[in-house]
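Participant: Need the 3D shape of this:
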Amino acid sequence: RMETDCNPMELANNTGFEEDSDYTDFEGTEVKDMRLEAEAVVNDVLFAVSNMFVSKTLPCAEDVAYINVETRERNRYCLELTEAGLRVVAYDFDQTDDRLQTPYHETVYSLLDSLSPAYREVFGNALLQRLEALKKESQS
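Facilitator: Coordinates of the predicted model:
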């Protein structure tokens, strides 16, 4: 059972890559490079974890990329990113364990939320600060 945070069609339409001709092949059909998606994932949440980067050891392809993440609790994970979402594939950097049957998460936020209470706290605090800033802007 896949955890759903949002409508999958919204997710597909909001990647921001569709309009850019660099990301389409000659027939005009969309080509998703998972390395680009993985870099975007890392940039989104790097502030809320100890370390996070796209694996240089494991192979990236159009349909799969691997992301190493170390939570603020110092737990290390290797995440697999595919069209199905993100899932933990190992409990160390640059590894995959075929015996692991972990669920896919549609977003990096829900995956990290399930793995790291410290991530949840940092991310929540960042949201609160942003809301406070927006409130101040609207009052001025």
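
Participant: Now do the longest helix seen in the chain: which elements does it pack against?
Facilitator: Ranked by number of residues, the top helix in the chain under DSSP state H is helix 117-139. Other helices and strands packing on helix 117-139, by 3 or more CB pairs under 8 Å, 6 or more residues apart in numbering; DSSP states H and E, are helix 108-115. For every residue, glycine as well, the C-beta is placed using N, CA and C.

Participant: tell me which strands and helices the helix it packs on is in contact with?
Facilitator: helix 34-45, strand 76-82, strand 85-90, helix 117-139.

Participant: can you pull the contacts of Thr57?
Facilitator: Applying CB atoms under 8 Å, 6 or more residues apart in numbering, we find Thr57 in contact with Asp94.

Participant: Show me where this structure dips below the pLDDT cut-off.
Facilitator: For the chain, residues meeting the criterion pLDDT under 70 lie at 1-32.

Participant: Does Phe39 touch Val54 like I think?
Facilitator: To be clear, residue 39 is Glu; Phe isn't right here. Yes: with contacts counted by CB atoms under 8 Å, Glu39 reaches Val54, the gap being 6.0 Å.

Participant: Comparing the two, which residue is more hemmed in?
Facilitator: Val54 (20 against 15; other CB atoms under 10 Å).

Participant: Please name the bridge partners of that one.
Facilitator: Ile67 (DSSP bridges).

Participant: In this structure it contacts Cys78, no?
Facilitator: No: Val54 is not in contact with Cys78 according to CB under 8 Å; the separation is 10.9 Å.

Participant: Tell me the residues that contact both of the two, please.
Facilitator: In contact with both Val54 and Cys78: Tyr66, Ile67, Asn68, using CB under 8 Å, 6+ apart.

Participant: what's near enough to touch the second one?
Facilitator: Pointing back at Ile67 there. Taking CB under 8 Å, 6+ apart, one finds Ala38, Val41, Val42, Met52, Phe53, Val54, Ser55, Cys78, Leu79, Leu81, Leu86 in contact with Ile67.

Participant: Sounds good, over and out.
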